[in-house]
Structure formats: C-alpha cells, structure tokens
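Chemist: sequence and computational prediction follow.
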Amino acid sequence: MRISGGTAKGRKVGTRKAFVAKGGNDELRPTAAKVRKAVFDILGPKIVESRFLDMYAGTGAVGIEALSRGAAHTVFVEGNAGRIALIRELLVRFGLSDRATVIKTTAAAFLGKF
C-alpha cells in the first residue's frame, strides 16, 4: 500500500506483520488505495488545514494520507499495540509526527468519552 497524494506520495505504508494480530483473531482489512484516493480527491482542498480523525486506524494509511495532503492535525485511534507502533514509526519516518496524536484505545471507548 502506498500514499496516493501530497508530500508523502508514493511512500509505502503497512507491512505483512500489521495485518494479523497475535492470536490471529484481529485481521486487518485496509482501505484500498483506490478508495483512499477517491475519497481525498472528493475532499480536495477541504482537507488542507483541517483536523482529521482516523478511527480504527490499522496501518494509519488514511490518516497519513490526510496529513500528506495538508491536514493540520490527525488523531489516530487504534486498539492494537503492534499497529500503534507501526503508525508511530511511519509518522516519524515521513516527518509527520509533530502533526499527529496516536491514541491506544477502542473506537467505542474513545467515543464514549464525548
């Protein structure tokens, strides 16, 4: 999987390890690159300087795409520790960590706080 636009265009995200959690019950189904590209093409310039929430972040590809395309800040919500580590690693590698917050919790618990 690769980022389809912006400053990180063409950069690879995700690894085979990210797709299955220990125990094998928590399988990851990433958002296809075509779908991500279509969504962000529709959002167009609205993404620039926006605040973006990536729930069920997985590899972080959707949130990283938002940052790459100019979002001011992205919050990543993911419950799997291995995937959290991957997201943090990618954010550092792509130079985006200063514009991101990564939260280790379930989507339901996160939304329950509001």
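Modeler: Nice, I can see it.
Chemist: all helices in the chain, in order from the N-terminus.
Modeler: 33-43, 61-68, 81-93, 107-112 (DSSP state H).
Chemist: identify, out of the ones you listed, the most deeply packed stretch.
Modeler: helix 61-68 (a mean of 26; mean count of other CB atoms under 10 Å). C-betas here are computed from N, CA, C, even on glycine.
Chemist: contacts for it, please.
Modeler: 1, 3-9, 11, 13-14, 30-31, 36, 40, 47, 50, 52, 54, 57, 74-76, 87, 90-91, 94, 96, 99-100 (CB atoms under 8 Å, 6 or more residues apart in numbering).
Chemist: got it, and stretch 3-16?
Modeler: 1-2, 30, 33, 36-37, 40-41, 59-61, 64-65, 67-70, 86, 90, 94, 96.
Chemist: run the last query once more with 6 Å
Modeler: 1, 2, 33, 37, 59, 61, 65, 68, 69, 90, 94 (CB atoms under 6 Å, 6 or more residues apart in numbering).
Chemist: tally of neighbours for the closest residue to residue 70 other than its chain neighbours?
Modeler: Of all residues not flanking residue 70 in the chain, residue 48 sits nearest, at 3.8 Å (CB to CB, 6 or more residues apart in numbering). Neighbours of residue 48 under the rule other CB atoms under 10 Å: 12.
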